[in-house]
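**Student:** show me how the following folds:
(one chain, ligands or ions: 1)
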Amino acid sequence: MPRPTIPELRARADRGEPLVMLTAYDATFARLCEAAGVDFLLVGDSVGMTLLGHASTVPVTMEDMLHHTRAVVRATTSAHVVCDLPFLSYHTGEDEAVRNAGRALQDAGAQSVKFEGGARWAPFVQRCTEAGIPIMGHIGLRPQQSSLLGGYPAQGRTSEAAERLVQDAVALEEAGAWALLLEKMPVEVAQAITQTVRIPTIGIGSGPHCRGQVQVMHDLLGLDEQFRPRHAGRYADLAAPIRDAFARYADDVRRGAFPGDAQSVRGGESLAAFRAARTDTATGETTRTGEERAS
Ligand code: KIV
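**Tutor:** Okay, here's the model as predicted:
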């Protein structure tokens with residue numbers, strides 16, 4: 001099955017078929033997502049926390065995003081791949097912003113680009129759209145603003161703030177955004193936005209009324225025992241079994257139980273001459289090299 005195009009994804013959303021999105025940052029997990037029938041893969045700037053060990057998305061660079069997007073694109077054939085624009089990659093000038101958005105398609109092979117921002121970014125969205133760069137807006141909680149917000153609080157919790165989010169959504173749609181990601185806002189606000197715009201809304205922590213849902217894969221799989229947002233649900237608890245597998249492996253290596261015969265190759269008859277040449281004639285023992293003795 002080829003990757004779904006934007007008209008196809010929009011048609012599915014219009015028919016009431018929920019769109020399914022997960023983050024993916026590498027080839028192995030991208031393949032698993034695709035095999036599970038996930039429609040879109042978001043190479044999110046959450047890669048900063050999930051894979052790169054940063055405390056926030058702020059240190060993530062455009063080069064990081066291109067590197068991980070290439071891996072996801074190489075590993076997949078039937079998912080629509082969205083590349084996130086990281087902190088400062090679209091803030092310092094519109095030309096640079098459009099160029100970086102284009103690099104996600106041209107250099108990394110993504111099918112769409114996502115950025116965080118509301119109505120104030122309409123001119124950028126318009127220029128991307130005119131250039132043929134499909135763009136997804138991201139409103140509500142914008143994690144790149146975490147320094148200003150003092151963390152990751154839900155957004156749109158007053159009538160004024162909720163109304164501003166609806167206006168942001170409308171402005172981005174009018175500028176040409178083909179979809180909107182709605183992060184961590186009250187259910188009623190996400191529902192109002194979904195009813196107001198014609199483009200698909202993809203929610204995270206924003207309730208069930210969006211036309212699709214996205215989650216950070218690591219949250220869904222329970223890979224971080226210290227961080228488990230409520231909105232991710234509990235689809236797996238993989239941290240403990242993975243840690244247990246690593247611990248059993250370490251223990252087996254230390255007590256000489258790994259590798260065993262099943263994990264080793266024996267030369268058999270084909271190595272008879274080799275074995276004979278290395279047998280100490282005086283003691284009958286196999287001669288060992290210095291390296292082997294040291295190990
Ligand atoms: O970077 C990311 O993972 C995101 C999430 C909100 C899905 O943007």
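**Student:** so which bits of the helix or strand that contains Met65 are buried?
**Tutor:** If you go by DSSP states H and E, Met65 is part of helix 62-75. Using 16 or more other C-beta atoms under 10 Å as the test for burial, helix 62-75 gives 62, 64-66, 68-73, 75. (C-beta placed from N, C-alpha, C; glycine too.)
**Student:** same check on stretch 196-204?
**Tutor:** Across stretch 196-204, burial judged by 16+ other C-beta under 10 Å covers 197, 199-204.
**Student:** could you do stretch 155-168 as well?
**Tutor:** 155-156, 162, 164-166, 168.
**Student:** what sits up against that stretch?
**Tutor:** 118-119, 137, 139-142, 182-186, 188-189, 192-193, 196 (C-beta atoms under 8 Å, 6 or more residues apart in numbering).
**Student:** Gly233 reaches Val216, doesn't it?
**Tutor:** No: using C-beta atoms under 8 Å, Gly233 makes no contact with Val216, being 11.6 Å away.
**Student:** of those two, which one has the most company?
**Tutor:** Neighbour totals were compared for Gly233 and Val216, and Val216 leads with 23 against 13 (other C-beta atoms under 10 Å).
**Student:** quick one: the more buried one and Arg15, what's the gap?
**Tutor:** As for Val216, its distance to Arg15 is 27 Å (criterion: C-beta to C-beta, to the nearest Å).
**Student:** what parts of the stretch 101-250 of the chain come near the ligand?
**Tutor:** With C-beta under 6 Å from any ligand atom as the criterion, the stretch 101-250 of the chain meets the ligand at residues 183, 204, 214, 216.
**Student:** partners of the second one in the sheet?
**Tutor:** The partner list for Ile204 in beta bridges (DSSP bridges) reads Glu183.
**Student:** mind listing what it touches?
**Tutor:** 181-184, 213-216, 231.
**Student:** report how many residues lie close to Phe40.
**Tutor:** Phe40: 24 neighbours (other C-beta under 10 Å).
**Student:** so it makes contact with Leu19?
**Tutor:** Yes: applying C-beta under 8 Å, one finds Phe40 in contact with Leu19, separated by 6.8 Å.
**Student:** for this structure, which segments count as helices?
**Tutor:** 6-14, 27-35, 47-50, 62-75, 94-106, 122-131, 146-149, 159-175, 187-196, 217-221, 239-254, 272-277, 290-294 (DSSP state H).
**Student:** reformat the ones you listed as JSON lines; add distance to Asp261 and mean pLDDT.
**Tutor:** Supplementary listing: those in JSON lines, determined by distance: least, C-beta to C-beta, whole Å; pLDDT from 0 to 100:
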{"stretch": "helix 6-14", "distance to Asp261": "51", "mean pLDDT": "96"}
{"stretch": "helix 27-35", "distance to Asp261": "28", "mean pLDDT": "98"}
{"stretch": "helix 47-50", "distance to Asp261": "38", "mean pLDDT": "97"}
{"stretch": "helix 62-75", "distance to Asp261": "34", "mean pLDDT": "98"}
{"stretch": "helix 94-106", "distance to Asp261": "49", "mean pLDDT": "98"}
{"stretch": "helix 122-131", "distance to Asp261": "59", "mean pLDDT": "98"}
{"stretch": "helix 146-149", "distance to Asp261": "53", "mean pLDDT": "96"}
{"stretch": "helix 159-175", "distance to Asp261": "62", "mean pLDDT": "98"}
{"stretch": "helix 187-196", "distance to Asp261": "58", "mean pLDDT": "98"}
{"stretch": "helix 217-221", "distance to Asp261": "34", "mean pLDDT": "97"}
{"stretch": "helix 239-254", "distance to Asp261": "14", "mean pLDDT": "98"}
{"stretch": "helix 272-277", "distance to Asp261": "17", "mean pLDDT": "92"}
{"stretch": "helix 290-294", "distance to Asp261": "19", "mean pLDDT": "44"}
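**Student:** pipe the ones you listed into TSV and attach distance to Val265 per row.
**Tutor:** As requested, these are exported to TSV (distance: least, C-beta to C-beta, whole Å):
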stretch	distance to Val265
helix 6-14	48
helix 27-35	25
helix 47-50	36
helix 62-75	29
helix 94-106	44
helix 122-131	54
helix 146-149	51
helix 159-175	59
helix 187-196	57
helix 217-221	34
helix 239-254	18
helix 272-277	14
helix 290-294	16
